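*Asks:* using only what follows, build the 3D model:
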Amino acid sequence: MAEAWRRLALATLLAALQGCSAAAELVGAAAPELPQPEGITVLFNQREGSAYRSPVHGVMRSGDDLEQALLEAIAAAQHEILVAVQELSLPRLAEALVAQHRRGLQVRVVLENHYSSPWSQQHEAELDPHQRQRHQQLRALADRNGDGQLSAAEREQGDAVALLQRAGVPMLDDTADGSRGSGLMHSKYVVLDRSVVITGSANFTASGIHGDAGQQQTRGNVNHLLKLKSPALAALFAQDFALMWGDGPGGAADSRFGIRKAHGPAQSVTIGNAQVQVLFAPHRRNDPNHGLNLLEQELANTKQRVDMALFVFSAQQLSDRLAELLQRGVTLRLVADPGFASRAFSETLDLLGVSLADQHCKIERGNAPLATPTEGVGTPQLPRGDKMHHKFAVIDNRTVITGSFNWSPSAAHQN
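*Replies:* Residues are numbered from 1 along each chain as shown. You can find the predicted model right below:
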């Protein structure tokens, strides 16, 4: 066990050395931009070769501006904008949606119930620690002049949900089905004019894209978005949205969330030269179409290598499949979020040959740590508060698995 922890510490140290901020000399030409697939644009908020000025911190930083990409797509819409995202707290995005709503476009928004109330109407003393921290971050984001005090105008203009509500933009959350909420309304997508889909790992927040307001060292959770031009794909996402929306506010209580959506198997569409499979979660545990089974099937097809960047990795069946790939000589690399990598339920530990008891001093049922820890597993060094939030894998440099789906039983059967 000590040896496995040494490997994890070494991987963290190497990541820290590679990501150090010491002065360096640029030698040679920058790597050329990789060509984008036809009909698909891929954006990363932290990457070399691209830079933008952060609207939160006012400084130049590496990466693609995911918020600006969303703003431009929203502004280009002509008829309809459907938004389903766990959290939307960027005021400029809310303002863009309000502007299109006032132009006469049909704009509808679905949020997770924990994030569907205006923060400016909440009282910190009544919030749990997580919500209190979020409240403080949103206050800092709204404090445009940075004087530590919120004027009435800053409070009014800095609350994204309140901006949507005041403008009459139709919204609901996952209590619209009469429940207290689904496992989590974890989607992160926008459908524009039934022809374009934007989706990926990023929530529409400062923390998820740019970094926390008032904390200059943060760069935001490590995230990505994909913009896919395909009426066929947009139709599938619009169908998923319709299940959640039901008749909408004031209509019949027929909104469906979680397993009540009753999605079936993955569906395929063609975008340019790419075959794209789409699966919406969750599924019941006895449904063979659930997401973990699909992931396992894709992993089983690996011939040479699999590269993964995962926020949560807690599915034993996927760890077991990776162990089988290693036995076949497949090269494996995993970059895991530091906050989840060392938890008792983490399958990152399995790959490092480590077993940890939970808070009840029990080992996870079916736990199967490798007898020999594998190389190529580590965690990045990130600023305090930031997360490695990707949920993607690249198989044999040909197949990409990505989206808002964490590699966990909760993602498959609840979220």
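
*Asks:* show me where pLDDT drops low in the stretch 251-400 of the chain?
*Replies:* Along the stretch 251-400 of the chain, segments meeting pLDDT under 70 span 355-363.

*Asks:* that one: helices as residue ranges?
*Replies:* Ranges of helices in the stretch 251-400 of the chain, per DSSP state H, counting those that start in this stretch, are 291-300, 316-327, 338-341, 347-351.

*Asks:* the nearest residue to Q277 once chain neighbours are set aside - how many residues pack around it?
*Replies:* Nearest residue to Q277, sequence neighbours excluded (Cβ to Cβ, 6 or more residues apart in numbering): A266, at 4.4 Å. Where C-beta positions appear, they are placed from N, C-alpha and C, glycine not excepted. Residues lying near A266 (other Cβ atoms under 10 Å) number 15.

*Asks:* then the one 5 residues further on?
*Replies:* Burial of I271, expressed as a neighbour count using other Cβ under 10 Å, amounts to 17.

*Asks:* could you chop the protein up by domain?
*Replies:* 2-12+273-413, 43-257 (automatic domain parsing).

*Asks:* these: which one's closest to P37?
*Replies:* Closest approach to P37 among the domains of the chain is made by domain 2-12+273-413 (5.5 Å; Cβ to Cβ).

*Asks:* related to what we said a few turns ago, dump the domains of the chain to TSV, plus distance to E33 and mean neighbour count.
*Replies:* Compiled in TSV, those are given as follows (distance: least, Cβ to Cβ, whole Å; neighbours: other Cβ atoms under 10 Å):
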stretch	distance to E33	mean neighbour count
domain 2-12+273-413	18	18
domain 43-257	6	19
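
*Asks:* can I get these in a markdown table including distance to Q36?
*Replies:* Formatted as a markdown table, the domains of the chain follow (distance: least, Cβ to Cβ, whole Å):
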| stretch | distance to Q36 |
| --- | --- |
| domain 2-12+273-413 | 11 |
| domain 43-257 | 10 |
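
*Asks:* coming back round to it: hmm, N289 and the residue nearest to Q277 touching each other?
*Replies:* Yes. Using Cβ atoms under 8 Å, A266 is in contact with N289, at 7.4 Å.

*Asks:* joint contacts of the two?
*Replies:* Common contacts of A266 and N289 (Cβ atoms under 8 Å, 6 or more residues apart in numbering): L279.

*Asks:* and the nearest residue to H186 once chain neighbours are set aside, what does it touch?
*Replies:* In this structure, H186 finds its nearest non-sequential neighbour in N415, 4.0 Å apart by Cβ to Cβ, 6+ apart. Applying Cβ under 8 Å, 6+ apart to N415 gives the contacts S182, G183, L184, M185, H186, G258, A281, P282, F405, N406.
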